[in-house]
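**Q** For reference, the sequence and a predicted model appear below.
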Amino acid sequence: MPTSRKIAAVIVAQLALTPVAHAACNDTQPDTRYALNGAEVYDSKTNLTWQRCSLGQTWSENKCTGSVTGMTWDQANKAAQSAKSGWRLPTRQELQSVLQNTCGLSPGDKLVFPDLDIMYSTYWSATTSEPALAWLVGFNNASTFNGFRTAPNAVRLVRTGK
């Protein structure tokens, strides 16, 4: 098949998927896989329990209050180690599991993980690639990229099970 036909076939396939992906980006109800429990949310799809607020924020009256604390990767790991009840820094794949397609959090899932700070919309993962780098996941657009471990970013902790 000539190259131009291959490119056209890929474009048509992508366009066919776009309405479905776009619809998921506009969901106004939280995904049914989530079981909300105050400051925590259990994801039945992944068997993970997440903190609903970023570190630095506290859960109060059904929302996250306070400011997100930007942390270096080392600070994020220390915060996770000092947390009780098995909390830890999530892997890149675990962070990506709460995002739908390429849109980041849908409007409905922003009810599950409320009060995101646009200044700290990227979250540290435990996944590393090089000594000076670790993977980050953008909750605003589902991007993933390597970041310098010395840069401040948001942290959301997770634990396995309920």
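**A** Sure thing, it's come through. Numbers count the residues shown, from 1 in each chain.
**Q** ok now do Lys45, which residues does it touch?
**A** Lys45 makes contact with Arg33, Ser97, according to C-beta atoms under 8 Å, 6 or more residues apart in numbering. (Glycine included, C-beta is placed from N, CA and C.)
**Q** now swap in Gln96 and tell me
**A** Each residue near Gln96 by C-beta under 8 Å, 6+ apart is listed here: Val137, Ala142, Thr144.
**Q** Contact partners for the residue sitting nearest the centre point of the chain?
**A** The structure's the chain has its C-alpha centroid closest to Leu95; by C-alpha atoms, centre = their mean the separation is 4.1 Å. By C-beta under 8 Å, 6+ apart, Leu95 lies in contact with Tyr123, Ser125, Val137, Arg156.
**Q** any idea how far Arg92 is from the last one?
**A** If you measure Arg156 against Arg92 using C-beta to C-beta, to the nearest Å, the figure is 13 Å.
**Q** ok, these two, which is more surrounded?
**A** Arg156 (26 against 20; other C-beta atoms under 10 Å).
**Q** So Gly147 is in contact with Ala134, correct?
**A** Yes - if you go by C-beta atoms under 8 Å, Gly147 and Ala134 touch, sitting 6.4 Å apart.
**Q** okay, and the common contacts of those two?
**A** Trp73, Trp124.
**Q** Pull the contacting residues for Trp135.
**A** So Trp135 contacts Arg92, Ser125, Thr127, Thr128, Ser129, Thr144, Phe145, Asn146, Gly147 (C-beta under 8 Å, 6+ apart).
**Q** hmm, I was thinking of Tyr120
**A** Contacts for Tyr120 (C-beta under 8 Å, 6+ apart) come out as Ser54, Val68, Gly70, Pro152, Asn153, Ala154.
**Q** Spatially nearest residue to Ala151, not counting backbone neighbours?
**A** With sequence-adjacent residues excluded and distances taken as C-beta to C-beta, 6 or more residues apart in numbering, Ala151 is closest to Thr72, at 6.9 Å.
**Q** coming back round to it: name the residues contacting each of Arg156 and Arg92.
**A** Here Arg156 and Arg92 have no joint contacts, going by C-beta under 8 Å, 6+ apart.
**Q** so Ala151 makes contact with Asp74?
**A** No - look at Ala151 against Asp74 with C-beta under 8 Å: they stay out of range, at 11.3 Å.
**Q** that older thread, confirm the residue nearest to the centre of the chain sits in a strand?
**A** No - going by DSSP: H, G, I helix; E, B strand; the rest coil, the assignment for Leu95 is helix, not a strand.
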